[in-house]
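Enquirer: generate a structure from the sequence data that follows.
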Amino acid sequence: MTLLDVIKDASVNSKPLDLPLDYPIVLNPDSILRNLKPEVKDESSSSLIKPLIGWQIPQTDAEIIDISKKFFTQLKAKLKNTNNLDKGEFISSLNSYLENIRDKIGVVIEVDSSSSGYNRLLIDKLGVFMGKDVAGLVLDGCVSLEIWEVIEALIVNGIIEHSCYSNLVTKLVEKKRSELLCLCIKHAFDLGSSEILTILRYFLSPSQDAYRSMVTVKKEWESQALLAIEKASDSNLKRKNLLMAKEASILLMMAYDGFSASEICLHYLIASSNINDVMLSPSFNKLNGKELINLIRYLAKWLKKYEKFPQAGPCPKASSVLHLKACDWVPKLEDVIKCIGLVLDENFSSLVLHPLFHEELRSIEGVVSCLTAEAKFCHLLADVVDKLKIEVKGGNK
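Expert: Numbering: from 1, shown residues only. Below you'll find the model as predicted:
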């Protein structure tokens, strides 16, 4: 059978979605390719295509696939009636499935099975062997039973498929799980415009119940800011790291002071490199008047921050060197300006009719004028520096 025949057969005879996948995991290519040998037919043939024989899935991979198929079938049957689903039984079944995989590949888990973080550690170590079909069912079960720590592990380890995020984001908004929504923004590489719009609306117009869960996220930023201040005053640090800590403390102070809990959650959305203009633009276009004004006020705060602290800038190494991971999620000035441009491009005609918009626009105009004047001055200085460099190089010849 040719490759084209295989593709045609797969498209015509596709398996129903309620059946386990034949190959749910990424196969180990090393042992497969090592066993491939040319099929000897006619050595005098001048054909450039030489058929190969010896294709065989490694035994370990085959056993993991078999374990996954059995678990898929069992879990599918249990999830048909979630009302009778028991949380303890579900966790035990998931742990047993991952332990079977652990035994096949020989991974050592140095935590007792009775420990509270045991299932989280199993997913961290073995989640890569969990097929997308099984992962989808596990996610459904965890959402129904509200097993948030397992959902967090699935998000952080990148095990959730793109098709699952739409339903997951809706459920997390419904359950007011702000910290998990922030994790979705951080770790999901393929959020769609509908998910971004849902998250935007949730953060821009939070209910009282939702706001309480956002405080948890704000406390994380507070602890990061305090850690940065502590490191900035640590005389034991090398000079280079001490300067980095001082820069990071200014950056995190900017991101924390004056921002509400819901606005701090917005930092992740605005700073994310996974979310581009094409995804943001249609989301901004569907916001209502109140949501747009709240977004503009949030972005205006950032402009005023960068005007007040012109020395502030990205600290890309602070996350790895000083463990100040929040530095990676502070919106840059260009991120803020880009979002303001998108908001105005998409909604200017409707915003002009909103009286509060005129106040915000006047406020932004003053800040932008100052930043523009500073940028022009910096540009002139950069030209002078470049010319001086050329003169110095010419004089050294």
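Enquirer: which residues does stretch 339-347 contact?
Expert: The contact list for stretch 339-347 (CB atoms under 8 Å, 6 or more residues apart in numbering) reads 270, 277, 280-281, 284-285, 287, 292, 295-296, 299, 303, 351, 364. Where you see a C-beta, it was placed from the backbone N, CA and C, and this is true even at glycine.
Enquirer: from the chain's centre, how far out does that stretch sit?
Expert: When C-alpha coordinates are averaged (CA atoms, centre = their mean, to the nearest Å), stretch 339-347 and its chain have centres 24 Å apart.
Enquirer: could you dump that stretch to PDB, C-alpha only?
Expert: Output in PDB follows, covering the C-alpha atoms of stretch 339-347 (Å, rounded to 0.1, in the frame of the first residue of the first chain):
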ATOM      1  CA  CYS A 339      -3.100  47.300  22.300                       C
ATOM      2  CA  ILE A 340      -4.100  51.000  22.500                       C
ATOM      3  CA  GLY A 341      -3.800  51.200  18.700                       C
ATOM      4  CA  LEU A 342      -5.900  48.000  18.200                       C
ATOM      5  CA  VAL A 343      -8.600  49.300  20.600                       C
ATOM      6  CA  LEU A 344      -8.800  52.600  18.800                       C
ATOM      7  CA  ASP A 345      -8.700  51.100  15.300                       C
ATOM      8  CA  GLU A 346     -11.500  48.700  16.100                       C
ATOM      9  CA  ASN A 347     -13.800  50.800  18.200                       C
END
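Enquirer: just to revisit the earlier point, pull the most distant pair out of the contacts of stretch 339-347.
Expert: Distance extremes for these: the farthest pair is Asn285 and Leu303 at 21.9 Å, using CB to CB.
Enquirer: neighbour count for those two, which is higher?
Expert: Legend: neighbour count by other CB atoms under 10 Å for Asn285 and Leu303, higher for Leu303 (20 against 16).
Enquirer: helices or strands up against whichever helix or strand that one is part of?
Expert: Element membership for Leu303, per DSSP states H and E: helix 289-308. Contacts defined by 3 or more CB pairs under 8 Å, 6 or more residues apart in numbering; DSSP states H and E place helix 289-308 against helix 193-204, helix 261-271, helix 333-351, helix 355-395.
Enquirer: out of the ones you listed, which gets the lowest mean score?
Expert: For these, mean pLDDT drops lowest on helix 355-395, to a mean of 63.
Enquirer: picking up where we left off before, quick one, the helix holding Leu303 and helix 193-204 angle?
Expert: Per axes from the mean of the first three to the mean of the last three CA atoms, to 10 degrees, the angle that helix 289-308 makes with helix 193-204 is 80 degrees.
Enquirer: how much space between the nearest residue to Ala300 once chain neighbours are set aside and Glu263?
Expert: Sequence neighbours aside, Ile364 is the residue nearest to Ala300 in space, at 5.1 Å (criterion: CB to CB, 6 or more residues apart in numbering). With distances taken as CB to CB, to the nearest Å, Ile364 is found 16 Å from Glu263.
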